[in-house]
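J.: let me see the structure of the following:
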Amino acid sequence: MKRYIEENRERFFEELYSLLRIPSISAKPEHKQDMYRCAQRLTELLKEAGADSADVYETAGNPVVFGCKDIGAEKTILVYGHYDVQPPEPLEKWRTDPFEPVLAKDPATGEDAIYARGANDDKGQLFMHLKAFEREVRLGLLHHNVKFIFEGEEEIGSPSLPAWVEAHKDMLRADVILVSDTTMISDKVPSINCGMRGLAYFEIKVTGPNKDLHSGHYGGAVANPINVLCEMIASLHDAHGRVNVPGFYDKVVELSAEDRALLSKAPFDMKEYKEFLDIDDVRGEEGYTTMERTGIRPCLDVCGIWGGYTGTGAKTVLPSTAHAKISMRLVPNQRSEEISVLFADYFKSIAPKCVKVEVTPCEGGNGFLIPISSHAYKCASRAMAEVYGIEPVPSRGGGSIAILADMQTILGADPLLMGFGLERDTIHSPNESYLLRQLFAGMESLSLFYKYY
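T.: All right, here's what the predicted structure looks like:
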């Protein structure tokens, strides 16, 4: 694969850049046409790579791209990826235009990296699959059927995809679902995710008086919705970092000492971790390590909070409403629908009579686990060990890919998460980037996976 990369390096850049330039932001309705542009571009790249067919399919939301190469083999790989991206804001913190990709040096290491929204998540990682597949086809090395499904709603929870997968499950049948949409533990030791957390996400609205009030005339006499919301949020955790929602932990499976010891073998440098984030200390549920808190334990966080006057200067106003966005990451066995009901009921129950509270679900999905004893996992491990010179360790991802649990259930195939991102890539944040050595190592590893699977 190294030779193939060198021979086609400039073409690879041009093709990847053509995807990165499209602002396929699923969270913003005004980018609907960009979703179709990106989907159409992917069908072109699939056909050029050697797919027998590639088409854009309508869903209740954004379009799905499906392509396939059927050589009549016994085994079929289904490659999953998403072409939608997060909004780029705050724009002032980007060093370059988020939708005009550039190849530049990493400020910290001097290594070459591609900077753009989606460079890693997930257009860059999706692109690795296109090129690994292309090489296998053009060199006559492909020995199994390959199908591709690229969606445009992952960043908003894939609301339309479960129904589409159910309606097209016969077309999507496969032996394994191959995914590159995750990160490695570090750039020193490769890892393969054997599980991911689920998600339950809400928007909260707290309403007090029927209009904004003069803070001098009414302050101290009428409930301030911002104050009340902050008090309610502060009560969601106890002094030990545990979530106070009744029933929240009922279905959480405690890992055995042996399993925790196995996961602890993954390398973790606390000093490096804190320096990277520029923090003096970590915080979380007592009794668990930082790696365990983000992999095997659930959590609750406020992702946004606003209300009142936030412009320049002073405005002495007691606001009528206050708002927040709250996210819960869930571990396997916790069901998103059940936790959503528990949270909504509890949050409303702790509201004082002086305000009204609305809890609106935004997105959700369940977590999942995959066996590390499977043939697919062993092939992935062998492939990555050959590229990196060290056997990858199993890990659990702290993030969520909501649709994978649904696909696992509907299609009866396990996801295999061969992700090549690094924390330094700052996905979802300004200046997202992807190291060239990881992009190319991903292509090599995927090509070897095709060989060994």
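
J.: just give me the neighbour total for the closest residue in space to Arg260 that isn't next to it in sequence.
T.: Sequence neighbours aside, Glu292 is the residue nearest to Arg260 in space, at 6.9 Å (criterion: Cβ to Cβ, 6 or more residues apart in numbering). Yep, even glycine has a C-beta here, placed from its N, CA and C like the rest. Neighbour count for Glu292, taken as other Cβ atoms under 10 Å: 17.

J.: quick check: pLDDT value at Glu292.
T.: We note a pLDDT of 91 for Glu292 in this prediction.

J.: buried residues, the host helix or strand of it. List them.
T.: Assigned by DSSP states H and E, Glu292 belongs to helix 290-295. Neighbour counts over helix 290-295 (16 or more other Cβ atoms under 10 Å) mark Met291, Glu292, Arg293, Thr294, Gly295 as buried.

J.: and for stretch 407-421?
T.: Within stretch 407-421, the residues scored as buried using 16+ other Cβ under 10 Å are 407-408, 410-411, 413-421.

J.: go on, stretch 148-166?
T.: Applying 16+ other Cβ under 10 Å to stretch 148-166 flags 148-162, 164-165 as buried.

J.: distance between the ends of it?
T.: 16 Å (Cα to Cα, to the nearest Å).

J.: and the gap between the residue nearest to Arg260 and Ser395?
T.: 11 Å (Cβ to Cβ, to the nearest Å).

J.: cool, Arg11 as well?
T.: 34 Å.

J.: of these two, who's got more company?
T.: Ser395 (24 against 11).

J.: apart from its chain neighbours, what residue comes closest to the more buried one?
T.: For Ser395, the spatially nearest residue (Cβ to Cβ, 6+ apart) is Ser191, at 4.3 Å.

J.: cool, and Met128?
T.: Using Cβ to Cβ, 6+ apart, the nearest residue to Met128 is Gly442, at 4.1 Å.

J.: that neighbour: neighbour count?
T.: 25.

J.: again with Ala402
T.: Residues near Ala402, counting by other Cβ under 10 Å: 24.

J.: from now on call the first residue 825
T.: New numbering, starting at 825: the last item is Ala1226.

J.: what sits against it?
T.: Glu978, Gly981, Ser982, Gly1022, Leu1023, Ser1160, Glu1187, Gly1188, Gly1189, Asn1190 (Cβ atoms under 8 Å, 6 or more residues apart in numbering).

J.: look up how far Thr867 lies from the residue nearest to Arg1084.
T.: 42 Å.

J.: ditto for Thr1233
T.: 28 Å.

J.: same question, Trp1130
T.: 40 Å.

J.: compare these two (neighbour count), which wins?
T.: Thr867 (20 against 13).

J.: what's the helix or strand for the more buried one?
T.: helix 856-873.

J.: pull the residues that contact that helix.
T.: 839, 842-843, 846-850, 877-880, 886-889, 891, 907-908, 954-955, 957-958, 961, 972, 974, 976.

J.: please apply the same query to stretch 973-987.
T.: 848, 850-851, 859, 862-863, 866, 883-890, 902-910, 946, 950, 989, 996, 1005, 1023, 1025, 1186-1189, 1225-1227, 1230, 1234.

J.: switch to 7 Å and redo it
T.: 848, 850-851, 859, 863, 866, 883-890, 902, 904-910, 950, 996, 1187-1189, 1225-1227, 1230 (Cβ atoms under 7 Å, 6 or more residues apart in numbering).

J.: inside strands: which ones of those residues?
T.: Among these, the ones falling in strands (DSSP state E) are Val888, Val889, Phe890, Leu902, Tyr904, Gly905, His906, Glu1187, Gly1188, Gly1189.

J.: wouldn't the first one be in contact with His992 here?
T.: No: at 8.6 Å, Val888 does not count as touching His992 under the criterion of Cβ atoms under 7 Å.

J.: higher neighbour count, the two?
T.: Val888 (23 against 15).

J.: residues in contact with the more buried one?
T.: Taking Cβ under 7 Å, 6+ apart as the test, what Val888 contacts is Tyr881, Ile973, Glu975, Trp988.

J.: ok, Val970 touching Lys893?
T.: Yes: with contact defined as Cβ under 7 Å, Val970 reaches Lys893; the gap is 4.8 Å.

J.: of these two, who's got more company?
T.: Val970 (28 against 23).

J.: now do the same contact list for Met1020.
T.: Applying Cβ under 7 Å, 6+ apart, we find Met1020 in contact with Gly1191, Phe1192, Gly1221, Gly1223, Ser1224, Ile1225, Leu1228.

J.: what's the most distant pair in those residues?
T.: Greatest spatial distance in the contacts of Met1020: Phe1192 and Gly1223, 12.4 Å, computed using Cβ to Cβ.

J.: which one of these two has more residues nearby?
T.: Higher neighbour count among Phe1192 and Gly1223: Phe1192, with 22 against 17, using other Cβ under 10 Å.
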